[in-house]
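Student: need a structure here:
(one chain, ligands or ions: 1)
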Amino acid sequence: MTRFVIVGGGPAGLAVAIEARLAGAEAVVIERCGGPVDKACGEGLMPAGVARLARIGVVPPTWGSHPFVGIRYLDATGGRLVTSEARFPSGPGLGIRRTALSEALRARALELGVDIREKTEALSFRETAGRDGGPPGPGVEVQTSAGPIAGDWLIGADGLHSQVRKWAGIAAKTGPARRLGIRRHFTVAPWTDHVEVWWSDRAEAYVTPVGPERVGVAFLWTPGASRQKGDYETFLGLFPDLAAKLGPPETSIRGAGPFDVRVETQVKGNVLLTGDAAGYVDALTGEGVALALEEAQVLVALCLAGRAAEWPARWTALTRRHRWFTRGLLAMAARPWLRRQVVRALAWAPWAMGLAVRVGVGSAGAGRRVAGTGRKEISES
Ligand SMILES: Cc1cc2nc3c(=O)[nH]c(=O)nc-3n(C[C@H](O)[C@H](O)[C@H](O)COP(=O)(O)OP(=O)(O)OC[C@H]3O[C@@H](n4cnc5c(N)ncnc54)[C@H](O)[C@@H]3O)c2cc1C
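Tutor: Residues are numbered from 1 along each chain as shown. Here you go, the predicted structure:
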């Protein structure tokens, strides 16, 4: 039976493991943390991601989740608060604490027989001539802090700063903006059934209801030439109308970045990259998890069909709309005057905001028609 060895037990790695078991393959997940894994995240799962969780049998716990029906933009920088909003055309999204998402994905993976090795760090890998009991052809062996693990496919789902990517010799570069993000949760009943994006000239606040009495607030910003670290309280001070709504802080502050990692290819031999490890633009559109869930199904199907070389072209097609839309929003965010005009125009013409949200969440299968080869390219098409 084909065995996937997956480095990283985040959403991308666990989704690959679940898809592998659903397709009749073996899956081993190597995760250096223990228990439900937490991470800096805005925690908004877009409607396509909600549908994918349901499809693979993952049930989000109610203690750590809260539905939202659309996106709201708020901009108070011109002296008055301008608001525009639109509902998703295709059902709600879900605000979900990372620990709740991790718990639900782990539970489903274990139910399907995935071998999850927690508190285990992957250290390196080597290619092998093949594996006893595996399909014909080359295999992989991953060296971990708890000994070697042999498999047929090595999946790098180890996040933005992927080690698997480095070990495989796949080049990656960070884009010029080097944006960062930090998040914290507050104990307060959600006042909104939308994800709110609050704009300012220095940072964006991304507000997500993630439980019956919990709201998460993430700040995203460009540190500038000084590369200064962000101070959460300073950022909160940029949004007094938002700060006034919040209850006491419930979690410590967590950060991540820099975003915008451009990756040369998503496959090399029997090593495939997925999730943030495969390339990432920015957290502003809140689509990282939904994309990772979608990638998992395609990646597993390609490996089992002996067509792994097609993965870069399929990945490029799957993520194209997201990358373009996110880059467009970032260009707008970087020009305060333009941003104010756009948010005002969207408030004045709600149909345009509806269109923007439809383009933003897109159709889940945007790339399915594209077949391709494993040609080398910086994935920026
Ligand atoms: C501030 C912020 C806000 C965001 N907001 C949203 C949002 O609202 N919605 C959304 O969908 N996305 C959002 N994202 C993006 C989202 O968090 C990522 O796209 C998502 O976590 C990618 O999942 P992943 O599994 O690829 O990587 P990760 O979640 O980073 O998981 C990688 C895992 O690999 C493990 N690992 C790494 N190296 C090793 C090793 N050598 N051995 C063993 N284990 C290893 C790590 O411990 C980790 O658990 C946001 C991100 C940030 C930073």
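
Student: and the stretch 201-350 of the chain, which residues reach the ligand?
Tutor: When proximity is defined by CB under 6 Å from any ligand atom, the stretch 201-350 of the chain lies next to the ligand at 218, 256, 275-277, 283, 286-290, 292. All C-beta atoms are positioned from the backbone trio N, CA, C, and that covers glycine.

Student: what two of the residues you listed are the furthest from one another?
Tutor: Pairwise distances across these peak at 20.8 Å for A218 and A277 (criterion: CB to CB).

Student: next up, phi/psi of the nearest residue to L304 once chain neighbours are set aside, please.
Tutor: Spatial nearest neighbour of L304, chain neighbours left out: A23 (5.8 Å); criterion: CB to CB, 6 or more residues apart in numbering. Main-chain torsions, A23, degrees, to the nearest 10: phi -90, psi 0.

Student: could you give the number of residues near A23?
Tutor: For A23, the neighbour count with other CB atoms under 10 Å is 15.

Student: distance between the longest helix anywhere in the chain and the chain's centre?
Tutor: The longest helix of the chain (DSSP state H) is helix 311-333. Centroid separation between helix 311-333 and its chain, computed with CA atoms, centre = their mean, to the nearest Å, is 13 Å.

Student: quick one on the thing from earlier: for PyMOL, what selects the buried ones among the residues of the stretch 201-350 of the chain next to the ligand?
Tutor: The PyMOL selection below is limited to those of these classed as buried (16 or more other CB atoms under 10 Å):
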select buried, resi 218+256+275+276+277+283+286+287+288+289+290+292
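
Student: list the contacts of V5.
Tutor: For V5, the contacting residues are 28, 30, 140, 142, 149-151, 153-155, by CB atoms under 8 Å, 6 or more residues apart in numbering.

Student: same question, L123
Tutor: The neighbourhood of L123, defined by CB under 8 Å, 6+ apart, consists of 143-145.

Student: neighbour-wise, which of the residues you listed leads?
Tutor: Ranked by neighbours (other CB under 10 Å), the contacts of L123 are led by T144, which has 19 neighbours.

Student: partners of it in the sheet?
Tutor: A122, G147 (DSSP bridges).

Student: I'd say it and E118 touch.
Tutor: No: using CB atoms under 8 Å, T144 is not in contact with E118; the gap is 11.3 Å.

Student: shared neighbours, the two?
Tutor: Contact criterion CB under 8 Å, 6+ apart; residues shared by T144 and E118: none found.

Student: state which one residue of the stretch 51-200 of the chain is found closest to the ligand.
Tutor: Closest residue of the stretch 51-200 of the chain to the ligand, CB to the nearest ligand atom: G181 (2.6 Å).

Student: distance check, that residue against R108.
Tutor: Look at G181 and R108: by CB to CB, to the nearest Å, they are 27 Å apart.

Student: more neighbours, those two?
Tutor: Between G181 and R108, G181 has the larger neighbour count (other CB under 10 Å), namely 24 against 21.

Student: need the phi and psi values for that one.
Tutor: G181 adopts backbone torsions of phi -140, psi 150, taken as degrees, to the nearest 10.

Student: can you tell me which residues contact it?
Tutor: 40, 42, 218-221, 255-257, 259, 283 are the contacts of G181 under CB under 8 Å, 6+ apart.

Student: could you identify the buried members of those?
Tutor: Buried members of the contacts of G181, scored by 16+ other CB under 10 Å, are 40, 42, 218-221, 256-257, 259, 283.

Student: okay, and L110 sits in which element?
Tutor: Secondary structure assignment for L110, by DSSP states H and E: helix 98-111.

Student: can you tell me the element L94 falls in?
Tutor: Assignment of secondary structure by DSSP H and E places L94 within strand 93-96.

Student: who are the packing partners of that strand?
Tutor: With contacts defined as 3 or more CB pairs under 8 Å, 6 or more residues apart in numbering; DSSP states H and E, strand 93-96 has these neighbours: strand 44-45, helix 47-55, strand 65-68, strand 204-211.

Student: how far does the third one sit from the chain's center?
Tutor: Averaging C-alpha positions (CA atoms, centre = their mean) puts strand 65-68 17 Å from its chain's average.

Student: got it, and the first one?
Tutor: Taking the mean of its C-alpha atoms, strand 44-45 sits 9 Å from the chain's own mean (CA atoms, centre = their mean).

Student: one step back: from L180, how far off is the residue nearest to L304?
Tutor: 37 Å.

Student: what segments of the protein are helices?
Tutor: 11-22, 47-55, 98-111, 163-167, 232-237, 240-243, 288-304, 311-333, 336-348, 350-361.

Student: if we can go back for a sec, my guess is the residue nearest to L304 contacts A301. True?
Tutor: Yes: under the criterion of CB under 8 Å, A23 makes contact with A301 at 7.0 Å.

Student: contacting residues for L238?
Tutor: The contact partners of L238, taken as CB under 8 Å, 6+ apart, are 200, 202-203, 205.

Student: and it, how close does it get to V197?
Tutor: L238 is 13 Å from V197, where distance means CB to CB.

Student: before we move on, what about G24?
Tutor: Taking CB to CB, one finds G24 at 42 Å from V197.

Student: same thing with A157?
Tutor: Applying CB to CB, the value for A157 to V197 is 27 Å.

Student: ok, these two, which is more surrounded?
Tutor: Neighbour count, other CB under 10 Å: between A157 and V197, A157 has more, with 32 against 23.

Student: can you give me the pLDDT of the more buried one?
Tutor: Looking at A157, its pLDDT reads 98.
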